[in-house]
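J.: Next one to model:
(chains A, B and C)
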Amino acid sequence: MGLEEKLPSGIVLTSVEKLAGYMRKNSLWPATFGLACCAIEMMAAGAGRYDLARFGMEVFRASPRQADLMIVAGRVSNKMAPVLRQIYDQMAAPKWVIAMGACASSGGMFNNYAIVQGVDHVVPVDIYLPGCPPRPEMLMDAILKLHDQIYDEKLGPNREKVIKEVELAAMNAVPTHQLKGLLA
Amino acid sequence: MAENQQGMFGAAGTGDTSGYGGLVRSTASAGSAQRPFGGYFDQVADDLERAYPDFADAIERVVVDRGELTLHIKRERLVEVALILRDKLKFEMSMGVSGVHYPDDKDRELHAVYHLLSVTNNQRIRLEVSVPDTDPHIPSLVEVWAGSNWNERETYDMFGIIFDGHPGLTRILMPDDWQGHPQRKDYALGGIGVEYKGAVTPPPSDRRSYK
Amino acid sequence: MSTYADPYASSRETTEGTVFSVTGGDWDSLVTEIGQAKEERVVVNMGPQHPSTHGVLRLVLELEGETVTEVRCGIGYLHTGIEKNIEFRNWTQATTFVTRMDYLAPLFNEAAYCLGVEKLLGITNDVPEKANVIRVMMMEFNRISSHMVALGTGALELGALSPMIFCFREREKVLDIFEFISGLRMNMAYIRPGGVAQDLPAGAVDKILATVKDLRHSFKDNEKLLVGNSIWMKRTEGIGYLDLAGATTLGVTGPVIRATGLPLDLRKIQPYSGYENYKFDVVTADTCDVYGRFLIRINELEQSLRIIEQCAEKLKSLEGAPVMVADKKIAWPAQLAIGADGMGNSLNHIREIMGTSMESLIHHFKLVTEGFRVPAGQVYSAVESPRGELGAHVVSDGGTRPYRVHFREPSFNNLQSTSAMCEGSMVADIIGAVASIDPVMGGVDR
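T.: Below is the predicted model of the structure:
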């Protein structure tokens, strides 16, 4: 990427990471991707009572090129999936995705021919937010958790280290279908 | 409607040893209703007969059930009857087409149900047309009620009923290249089993549940 | 199943299976045709993701300069297969699916479905009076909240930003009532076949009356902003014209046909759930345009408040009355209550079925596992939703699961009139016209 990628690991990089993280999280602009019922709760989160403007997020950019965050709010049908991917591709990095609601996270109550069983089949998701629909406060909680995640995002050599660690953990983890026991 | 329903549980092959799998329930389908029909149905039937002398030939069955009048019509006469209902009997608005698939009703598997509303007389009536799977053609009512356009497209998309004379019969709800007609009974629900820590919850169509 | 050679999705067999090459509808032929036309025609796609298209609606416009010559709607981007899903759930569980179709007016979906099921069961007259009053009240509150979204987003799309905030502020008050009474803000699955899911909590009537007073006062803010506002009127008067003949043949109902002057309101002409006992007016306009529909929605808010006040008066005298049909073989058994771990069966009910009454236990067990059986037949039951006539065609084969439920959604039929309304006008007017139809894509696509 830029200069921050070339800095060696150390106090300078850590300060740049903190600065970049702080600035990125504090004015995250969402792209309008409201599909169904969750979109109404997303609009309520942006309206007067549960105000997203206090995080600088009340400007829902219509154009994905100007947005950082895609909140997939609602059920994604098979017809809509290519459109979703195209909008995601049009966003400029760094970009994050919140899968809002049960339908976006996993297909929700609609386990059938028409609905994509989780938007992570189509785009990489950073935060999964359950609920049907999740209350605006739950959406704000998810956004705040995403803010923390963004703040802690590493850059440059630190990032490569984190990626290696995550990949190693994923390689050595027990696959879900081999986990036994009473859902413990 | 299934004449004989076999078994108590929906999904077969699940190791049910209760014996309820052998349960057989029969539902007799109602024959044609006899006059007097009650309410405004007699007046509608009389007006229709007066305006359309071939009434007895076109109407296969009249069903009066739960306060609603259903006329089962032969598909060749559908447009004529619809025009008469619209112009002479003042059923100005059509509420659209609803498709139903009865796979057990040999040679009459696909039903298209039209609900009509008369604003002037405050009456409702239902028209039902049955077509076989092998020849699922029904004349289109777009010329009679323009609003049937999208409804007929939807019924084609979901059931495969082809409406002859429709200005543009294409898929409307499913993607344009989708194969199959989803709401037919022989089309699978398409759900996937959900796996969690060694246990799989089957999709709703495969679960052992009551019929 | 049907096999047809699709020219736009030709397939070839490969070692990995069938590969489809999708060339996207008739876009190619459309573009060639336009390329050969003499005039400068531009084809614009207002894609499914668009801030002003009220949800995932795709509009394909053919423009000649700023004038629209052709408008075509592409829908189906939110098709969820709810109607097919219902065939695998029992009659009561289907309420939770049906509620998510038209997600701005969930109670109307539930009401249309439950009225259909009750008609099939033959218990329409056995539904207790309190249940009917609660249903009417909740539906009118839902009408208010739905109109708030329609007005707010409609104004937002045309450029007025403040009404959006005001409307959502009022909507929050209504959602508070929903949460108080049913536990959820949206998609409540509160109206069940036979009655409503649970009784009103204590203090409900007072809260309702206080909210009504508050809303009546706050609706004036919105009115002052837009009614009579010359910019608003310039953008909405004469726009989206659809007269009575057009509306009738297209099957358009709701505020759109009431704007032509016809007082077609199912609550008056074919009342259900006791609507004949309430005094209210049917609001019409005779301008057939966007401004008329806007005025209708504003005035319907006041009529809904009138009905809610009458409901609250009735509820004062119905303390302790049942809210579910008396037949225990149909009535949803449990009374829900908030416990230490959330909402669930009230402890009283558990004490009764485990300790006192064997019959209650049997009913509870049979209803929750098997569900009740509905005699075979088909019905069509319609309610007047904020968008028009919402009808449910319910077909039963005598079992515990719906055989086929088809919803006649007002938005689906109303959206067909976009072409009739918009062709010949400017691009910016399409937004106003679509906003005045107020389509909810969940209902359109189901």
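J.: Going by C-alpha atoms from here, please, whenever you check contacts or count neighbours.
T.: Noted.
J.: Kindly state the domain boundaries assigned to chain C.
T.: Per automatic domain parsing, the structural domains of chain C span C:9-74, C:90-332+C:371-444.
J.: mind checking which of those is nearest residue B:41?
T.: Between residue B:41 and the domains of chain C, the tightest spacing by CA to CA is seen for domain C:90-332+C:371-444, at 15.5 Å.
J.: Just confirm yes or no for that closest one near chain B.
T.: Yes: judged by CA under 8 Å from any CA of the partner chain, domain C:90-332+C:371-444 comes into contact with chain B at C:119-120, C:122, C:248-252, C:264, C:269-270, C:377, C:379, C:393, C:397-401, C:404, C:406, C:408, C:412-413, C:416.
J.: secondary structure element for the residue nearest to the spatial centre of chain A?
T.: Against the mean C-alpha coordinate of chain A, by CA atoms, centre = their mean, the closest residue is residue A:97 at 2.6 Å. Using DSSP states H and E, residue A:97 maps to strand A:96-100.
J.: From the residues of domain C:90-332+C:371-444 next to chain B, list just the buried residues.
T.: C:119-120, C:248-252, C:264, C:377, C:379, C:393, C:397-401, C:404, C:406, C:408, C:412-413, C:416 (16 or more other CA atoms under 10 Å in any protein chain shown).
J.: show me where chain B has helices.
T.: Read by DSSP state H, chain B holds these helices, from start to end of the chain: B:41-51, B:55-58, B:78-87, B:148-159.
J.: Can you say which of the ones you listed is nearest to chain C?
T.: helix B:148-159 (7.1 Å; CA to the nearest CA).
J.: near chain A, anything from that closest one?
T.: No: applying CA under 8 Å from any CA, one finds helix B:148-159 separated from chain A by no less than 12.0 Å.
J.: Can you identify the element that follows the worst-scoring helix or strand of chain A on mean pLDDT toward the C-terminus?
T.: Least confident helix or strand of chain A, by mean pLDDT, DSSP states H and E, is helix A:3-6 with a mean of 70. Next helix or strand after helix A:3-6 toward the C-terminus (DSSP H and E): helix A:11-26.
J.: Mind listing what's buried along that next one?
T.: Neighbour count says helix A:11-26 has A:13, A:14, A:17, A:18, A:20, A:21, A:22, A:24, A:25 buried, by 16+ other CA under 10 Å.
J.: nearest to residue B:25, of the residues you listed?
T.: residue A:25 (63.3 Å).
J.: List the residues that contact that closest one.
T.: A:147, A:148, A:150, A:151 (CA atoms under 8 Å, 6 or more residues apart in numbering or on different chains).
J.: And residue C:332, by the same measure?
T.: Applying CA under 8 Å, 6+ apart, the residues near residue C:332 are C:192, C:194, C:197, C:324, C:364, C:367.
J.: before we move on, the earlier item: so what are the sheet partners of the strand holding residue A:97 and their directions?
T.: Paired strands of strand A:96-100, with direction, are strand A:69-73 (parallel), strand A:127-129 (parallel) (DSSP bridges).
J.: From the contact counts, what lies against whatever helix or strand comes next after that strand?
T.: Next along the chain after strand A:96-100, taking DSSP H and E as the criterion, comes helix A:101-106. Helix A:101-106 sits against strand A:69-73, strand A:127-129, with contacts defined as 3 or more CA pairs under 8 Å, 6 or more residues apart in numbering or on different chains; DSSP states H and E.
J.: before we move on, back to that, quick check: which of the domains of chain C is buried the most?
T.: Highest mean neighbour count of those: domain C:90-332+C:371-444, a mean of 21 (counted as mean count of other CA atoms under 10 Å in any protein chain shown).
J.: Can you get me the start-to-end distance on that one?
T.: 24 Å (CA to CA, to the nearest Å).
J.: Run a quick neighbour tally on the nearest residue to residue A:103 once chain neighbours are set aside.
T.: Once flanking residues are discounted, residue A:103 sits nearest to residue A:75: 4.8 Å by CA to CA, 6 or more residues apart in numbering or on different chains. A count of nearby residues for residue A:75, using other CA atoms under 10 Å in any protein chain shown, gives 36.
J.: now do the one 4 residues further on
T.: Residue A:79: 21 surrounding residues under other CA under 10 Å.
J.: ok, it touching residue B:174?
T.: Yes: with contact defined as CA atoms under 8 Å, residue A:79 counts as touching residue B:174 (6.8 Å).
J.: what sits in contact with each of the two?
T.: residue C:76.
J.: Quick one: list the elements packing against the longest helix seen in chain C.
T.: Looking across chain C with DSSP H, the single longest helix is helix C:129-158. Other helices and strands packing on helix C:129-158, by 3+ CA pairs under 8 Å, 6+ apart, are helix C:106-121, helix C:162-182, strand C:195-196, helix C:290-316, helix C:427-437.
J.: related to what we said a few turns ago, are any of the contacts of residue A:25 buried, and which?
T.: A:147, A:150, A:151.
J.: can I assume the residue nearest to residue A:103 sits in a helix?
T.: No: counting by DSSP: H, G, I helix; E, B strand; the rest coil, residue A:75 falls outside a helix, being coil.
J.: Now tabulate the buried ones among the contacts of residue A:25 in TSV and tack on distance to residue B:72.
T.: Shown next, in TSV, are the buried ones among the contacts of residue A:25 (distance: CA to CA, whole Å):
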residue	distance to residue B:72
A:147	62
A:150	64
A:151	67
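J.: quick check, nearest of the residues you listed to residue C:129?
T.: residue A:147 (50.8 Å).
J.: which SS class is the closest one?
T.: Applying three-state DSSP: residue A:147 is helix.
J.: From residue A:62, how far off is the nearest residue to it once chain neighbours are set aside?
T.: Once flanking residues are discounted, residue A:147 sits nearest to residue A:25: 5.1 Å by CA to CA, 6+ apart. Distance check for residue A:25 against residue A:62: by CA to CA, it reads 19 Å.
J.: Equivalent analysis for residue C:251, please.
T.: From residue C:251 to residue A:62 the distance is 33 Å (CA to CA).
J.: And the least confident helix or strand of chain A, what does it pack against?
T.: Using 3+ CA pairs under 8 Å, 6+ apart: helix A:3-6 touches helix A:156-172.
J.: Residue C:286 is in contact with residue C:263, isn't it?
T.: No: counting by CA under 8 Å, residue C:286 sits too far from residue C:263 to count as a contact (10.4 Å).
J.: Poorly predicted segments of the chain, please.
T.: The chain I'm using is chain A. For chain A, residues meeting the criterion pLDDT under 70 lie at A:1-2, A:4, A:180-184.
J.: was after chain C, sorry
T.: Using pLDDT under 70, chain C drops low at C:1-9, C:22-26, C:34, C:37-40, C:52-53, C:334.
J.: re the thing from before, of the domains of chain C, which is nearest residue A:56?
T.: Here domain C:90-332+C:371-444 is closest among the domains of chain C (CA to CA), at 16.4 Å.
J.: just the helices in the stretch 251-400 of chain C please.
T.: With helices called from DSSP state H, counting those that start in this stretch, the stretch 251-400 of chain C shows them at C:255-258, C:266-269, C:290-316, C:347-351, C:358-369.
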